[in-house]
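Peer 1: Following is a predicted model, sequence given first.
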Amino acid sequence: MSVANGKVSQLAAELSRRLATDKRYKILEAVMRRYDYRSHGLIEVLHAAQDSFGYLDEPTLYHIAAKLHLPLSKVLGVATFYNYFTLKPQGKHTCVVCLGTACYIKGGDRIVEAVQQRYHVKPGATTPDGELSLLIVRCVGSCSAAPVALFDGVLGTHLDADTALQRVAAMLREGLPEQSNGKTPVQEVER
Amino acid sequence: MARTLTINGQMVSARDEDTILRAAQDAGIHIPVLCHLDGLSDVGACRFCLVEVAGSNRLLPACTTRIQEGMVVQTDTEQLRNYRRHLIELLFAERNHVCAVCVANGNCEMQSLAIQLGMTHSRYDYMFPSLGVDLSHERFGLDHNRCIMCTRCVRACDEIEGAHTLDVFGRGAKARIVTDLGMPWGESPTCTSCGKCVMACPTGALFKQGSTVAEMTRDRSKLNFLKTAREERKWIV
Amino acid sequence: MSKKLRLATVWLGGCSGCHMSFLDLDEWLFDLAAAVEVVYSPIADVKTFPNNVDVTLIEGAVANEEHVELVRTIRRNSRMVVSFGDCAVSGNVTAMRNPLDANSAEVVLDRAYKDAALLRPQVPHDNGIVPPLVARVMPVHALIPVDLFIPGCPPPAPRIRAVLQALIEGQTPEMIGAAMLKFG
Amino acid sequence: MNPDELNRIAQAEQAALSRHEHAINVCVGIACHSGGSEQIRKALEAEVKSAGLQGKCLVRGVGCPGLCAEGPLVSVEPLHRSPPQELLYRKVTPADAPALVRSVVREEPLEQLRIDANQPFFTRQLKIVLENCGHMDPERIEDYIARGGYQALIKVLTEMTPQEVIDALSRSGLRGRGGAGFPTGLKWATVAKATPGRYPTYVPPDIQSQKFVICNGDEGDPGAFMDRSVMEGDPHRVLEGMAIAGYAVGARQGFIYVRAEYALAVKRLRTAIRQAQRIGLLGKNIAGTSFTFDVDIRLGAGAFVCGEETALIASIEGGRGLPRPRPPYPAESGLWGCPTLINNVETLANVPPIITKGADWFASIGTEKSKGTKVFALTGQVKRSGLIEVPMGITLREIVFEIGGGVPEGRQFKAVQTGGPSGGCIPADYLDMPVDYESLAKVGSIMGSGGLIVMDDTTDMVEVARFFMDFCMEESCGKCIPCRAGTAQMHHILTKIQQGKATARDLRLLEELSNVVKHTSLCGLGQSAPNPVISTLRYFRHEYERKLVPELERV
């Protein structure tokens, strides 16, 4: 059990360091309080955490489990069930290509291929320098503008491989996106 | 309240709250199961216990479907036998089930089910996923190659032991049994090392370390005993 | 029975345990010899797989390119093809290398010829030295249609006898119950 | 809030509107929004101001008028002419603002941007669900009220018993728009009759003995964006439908489950809920009656299976979105074991007009068994793609060739796919078939939630089947064996066929497996996952067979 305690005390130590220094945990606390620390608020709380931190790591999951009185494995199970949540930090910029049906039959896969080849990054992965993540989604509901992709959360429509590569290049040139974590369109939501 | 229904042409009497499975078992009618274990809640996941119910256009899982007065049930038709054969073949092809080198050989519910269902081979291509084995726990091991995701261990850990160390990570074909935040089992802060998950496992996925094929027996009825004892307070009265 | 059953047994990627179990039939082998003509077998000195075979028992999984060619010849030349034992039926232990790398056998060749070598570690890739391994070990029916499956690692002798007895008598063996079907 | 107050708001808003001569409507639906419609709106506002036209010309953001492929769209609506001659402009940029405003003043159309509003894309449609989209600001409750909004809610609360509401729904013939087409009235009646507490589970104490209404906005079908447009373009409509449902079945709390990807819809719904709460159309004692109803939003997190009602419930409860066997149905044992009504966005959006205009009016539209209209997202290889609403019973040919303008030049129509990953591909032979639940089912597809994807002769149908199977495999929750392992095997066989490694034996196995997965899977996802394979095999079998290899040449 000494090993076990080691792991948990590591997590606890990291967490208390963060709680003292990182204001974003206060926002998370407010969301948890809104759900009265009830277990059915778990998904909303995970959304809030991912919006704040960009991804869900072990100390954060550990914190949420403790606060909502949930088993660790349950929190991990929920966080990994839904595609929207990620346990790994994303790149500074994201290119999210839609492969819904309309985009697929209009050549969305060629956009993925082009970005993959130019930046040597597989779908779902981030470039080694941490600059660019290439992600795939199933339909963002903008089918009549197919094929589409989201560049740092901004929708690009009627794309082809060339225009998509131009958008990626522009995005990387422009430095940090406006939104602090700029991962996903949900960032627009006021909470 | 007692109800009467017909299973495979046989008149069967059952209690109002009984499931089709319970009613059949009480009447000595065998229905194949895999994710069901007496003492644990039912999830209707493995689909082996699907039965035909007159008046329903869908097949219904016997483990979760409550009986109704006058219900007419068929448990062993040509169609059901065919579907079950496919299901067991899918299961064998999904991960790396090698009975010859498995500690549960001869004491495996999946292996027995294959025999029962007359499986001579799997028509499906084997998927050969690359999966790990967790031997970090001092007494038990978890071999993902042999896991069929029935979640009996998850339910035993949660419902009987109350530790909820185990749950399911990810989803679909990529789902795996996981301990806590994904740390090695041996480092789990919540596991009580009670071994109920091992008792619950139908295959060789969860096992006692160091045991040979002959030694690897499980007393699965213990779980039901605990559940009954607790719910009915057997030790108080 | 007008003429003897032309029987072939083949040993592909496996441990030969199925053939050993076959030999465990002891004195029944004399009865068998009276009823069948063994036209091809790992212990018979026959170089090419013959024509007009009635029944071929295949032990082992398809693990290299020679096996691929052989099973195709077997299918062309046999009336009935039987997957004999777990390796032929499911890949079994022979296929346990597949999860290491789904697309190549290099990983096992490296392990055998490089990691474990004391002198001159080198994979014998040159033509004619060893048959190239296929990327993925396959059960026989993944490559050709198979008529009958005898599971077991190895199949117990009585199971083998029950199958052969039925075949000699022109019957289809009844593969039912633990005595005939248990894997492992 | 009482009927008089509601009328006062409506009148005040109508009066304010009628002081203007023109309304310039800028589409702020997601497609136009991402095309920069917000900047266009600002440019137009500035232009109107500098021309001194503030009192005469109203610039407002509106929901999606439908022809998304031509966006950003702007329409100019004369407010004092009947019939109103609306002018519609395509691909507008902020630089067009001065010319556009000049044209409004001169009452001359701006020809270079104009789209013919009399083309079949518009004239063949019949808008009930989308009647407000394109004509009001979705972020203002007053706009909705001015167009008759919340009248239906007030009417049921003050004039009708719950039973009368359910009877009206039943008589209207409305069926679920989420895909399966279950009669809505019957569903409501079941929930209304159900007794809370028959199925004991752990329930937080404050929600024991309740009933719930859930609006399913987890529009996960790739190629479908109907519900998105309704939630973005007319969010109050959805809330009103939910409140009426709550009254009819006896629920006090509603949840809208929306995909997190639909940020704009979430934002507009949140605004709408706040506005409705503020003026007492949600919350305690609505319209001075004893009826109390509130709505909360729950975000999905990227799991298609959560469109299945039991999985959706598991997700709202905060867990993994795993479906569970039915019965018991959610109508008896749903959220936290309580009786729960789950309706799709479009279904609920149909409710207010049924109440105000009457069940008989609604039942007069459509076919014998499929009443009313259906919203489709028309996309793929078609000239005019976008969001359309058509009466049930219209033919596929009318949708694809008249409304959609057919496939692009030089190509041939091959098939139209309906129902997404749960549906099927319908070949040219059936183009004259009426679009209704039964007809679509007969040809091996489903109505589905409304994705309608046109495919031309360059489309490889085996690849289409493989694409959908890939989707289902990735989205399978993994709980039951046939869906988890079966979709993976189907995908594997389809891939083998595409790679030229499959034989007739594989194709037979694929067909058998389709049947197994369809009949043994636990929930709708698995049960319908084989449909794209089954339907393409039915109509395009030769495309599969062409790719098979002989037994002994198997690689």
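Peer 2: On my side now, so go ahead. Numbering: from 1, shown residues only, chains lettered A, B, ... in the order given.
Peer 1: Going by C-alpha atoms from here, please, whenever you check contacts or count neighbours.
Peer 2: OK.
Peer 1: which stretches of chain D have low pLDDT?
Peer 2: Scanning chain D with the threshold set as pLDDT under 70 gives D:82-84, D:197-208, D:555.
Peer 1: domain assignment for it?
Peer 2: Domain ranges of chain D: D:18-120, D:148-360, D:373-456, D:461-545, per automatic domain parsing.
Peer 1: end to end, how far does the third one reach?
Peer 2: Across its full length, domain D:373-456 reaches 26 Å between end residues, using CA to CA, to the nearest Å.
Peer 1: now do the last one
Peer 2: From its first residue to its last, domain D:461-545 covers 12 Å (CA to CA).
Peer 1: Whether that domain contacts chain C - can you check?
Peer 2: No - judged by CA under 8 Å from any CA of the partner chain, domain D:461-545 stays clear of chain C, getting no closer than 8.5 Å.
Peer 1: That domain vs chain B: in contact?
Peer 2: Yes - counting by CA under 8 Å from any CA, chain B is contacted by domain D:461-545 at D:473-482, D:484-486, D:488-489, D:509, D:513, D:516, D:519-522.
Peer 1: In CSV, list the domains of chain D along with distance to C:Ala63 and mean neighbour count.
Peer 2: Converted to CSV, the domains of chain D look like this (distance: least, CA to CA, whole Å; neighbours: other CA atoms under 10 Å in any protein chain shown):
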stretch, distance to C:Ala63, mean neighbour count
domain D:18-120, 54, 19
domain D:148-360, 40, 22
domain D:373-456, 38, 22
domain D:461-545, 18, 22
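Peer 1: between the ones you listed, which one is nearest to chain A?
Peer 2: domain D:148-360 (4.0 Å; CA to the nearest CA).
Peer 1: How far away from the center of its chain is the closest one?
Peer 2: A distance of 14 Å separates the centroid of the chain from that of domain D:148-360, by CA atoms, centre = their mean, to the nearest Å.
Peer 1: Distance across that domain, terminal residue to terminal residue?
Peer 2: Across domain D:148-360, the terminal residues are separated by 19 Å (CA to CA).
Peer 1: swap in stretch D:258-266?
Peer 2: End-to-end for stretch D:258-266, by CA to CA: 7 Å.
Peer 1: related to what we said a few turns ago, can you put the domains of chain D in JSON lines and add distance to C:Gly177?
Peer 2: Formatted as JSON lines, the domains of chain D follow (distance: least, CA to CA, whole Å):
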{"stretch": "domain D:18-120", "distance to C:Gly177": "62"}
{"stretch": "domain D:148-360", "distance to C:Gly177": "32"}
{"stretch": "domain D:373-456", "distance to C:Gly177": "39"}
{"stretch": "domain D:461-545", "distance to C:Gly177": "24"}
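Peer 1: so which of the ones you listed gets nearest C:Val163?
Peer 2: C:Val163 lies closest, by CA to CA, to one member of these: domain D:461-545, at 25.3 Å.
Peer 1: any idea how far C:Gly91 is from C:Asp126?
Peer 2: Plainly put, C:Gly91 is 27 Å away from C:Asp126 if you go by CA to CA.
Peer 1: who's more crowded, the two?
Peer 2: The neighbour comparison of C:Gly91 against C:Asp126 (other CA atoms under 10 Å in any protein chain shown) goes to C:Gly91, with 26 against 9.
Peer 1: Am I right that the more buried one is in contact with C:Met138?
Peer 2: Yes - when contacts are counted by CA atoms under 8 Å, C:Gly91 is listed as touching C:Met138 (5.6 Å).
Peer 1: related to what we said a few turns ago, near chain A, list only the ones from the residues of domain D:461-545 next to chain B.
Peer 2: Restricting the residues of domain D:461-545 next to chain B to those near chain A by CA under 8 Å from any CA leaves D:Cys477.
Peer 1: Show the contacting residues for the closest residue to chain C within the stretch 101-250 of chain D.
Peer 2: The stretch 101-250 of chain D approaches chain C most closely through D:Pro222 (30.7 Å), counting by CA to the nearest CA. Listed by CA atoms under 8 Å, 6 or more residues apart in numbering or on different chains, the contact partners of D:Pro222 are A:Leu99, A:Gly100, A:Thr101, A:Ala102, A:Arg138, A:Cys139, A:Val140, A:Gly141, D:Gly420, D:Pro421, D:Gly451.
Peer 1: now the strands for the stretch 201-350 of chain D?
Peer 2: Taking DSSP state E, counting those that start in this stretch as the test, the strands found in the stretch 201-350 of chain D are D:212-217, D:253-258, D:294-299, D:340-344.
Peer 1: picking that back up, any idea how far the residue of the stretch 101-250 of chain D closest to chain C is from D:Gly448?
Peer 2: Using CA to CA, D:Pro222 is found at 12 Å from D:Gly448.
Peer 1: So for those two, which residues contact both of them?
Peer 2: Counting by CA under 8 Å, 6+ apart, the common neighbours of D:Pro222 and D:Gly448 are D:Gly420.
Peer 1: Send me stretch B:48-60 as CSV with only the CA atoms.
Peer 2: Extracted in CSV, the C-alpha atoms of stretch B:48-60 (Å, rounded to 0.1, in the frame of the first residue of the first chain):
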residue,chain,number,x,y,z
PHE,B,48,-26.9,-14.5,-25.3
CYS,B,49,-30.1,-14.7,-23.2
LEU,B,50,-32.2,-13.0,-26.0
VAL,B,51,-35.5,-14.9,-26.3
GLU,B,52,-38.5,-14.6,-28.5
VAL,B,53,-41.6,-13.3,-26.9
ALA,B,54,-44.9,-13.6,-28.7
GLY,B,55,-46.3,-10.2,-29.6
SER,B,56,-42.9,-8.4,-29.5
ASN,B,57,-41.3,-7.7,-32.8
ARG,B,58,-37.9,-7.5,-31.1
LEU,B,59,-35.9,-10.1,-29.3
LEU,B,60,-35.8,-9.4,-25.5
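Peer 1: Can you list the buried residues in it?
Peer 2: Neighbour counts over stretch B:48-60 (16 or more other CA atoms under 10 Å in any protein chain shown) mark B:Phe48, B:Cys49, B:Leu50, B:Val51, B:Glu52, B:Val53, B:Leu59, B:Leu60 as buried.
Peer 1: Could you single out the nearest of those to chain A?
Peer 2: B:Phe48 (24.8 Å).
Peer 1: Helix or strand with the lowest mean pLDDT in the chain?
Peer 2: Just going to use chain A. Lowest on mean pLDDT, DSSP states H and E among the helices and strands of chain A sits helix A:2-21, with a mean of 82.
Peer 1: actually it's chain B I care about, not the one you picked
Peer 2: In chain B, the helix or strand scored least confidently by mean pLDDT, DSSP H and E is helix B:221-231, which has a mean of 86.
Peer 1: And chain C, by the same measure?
Peer 2: When the helices and strands of chain C are compared on mean pLDDT, DSSP H and E, helix C:106-109 comes out lowest with a mean of 92.
Peer 1: Buried residues of that one, list them for me.
Peer 2: Result for helix C:106-109 [16+ other CA under 10 Å]: buried residues C:Val108, C:Leu109.
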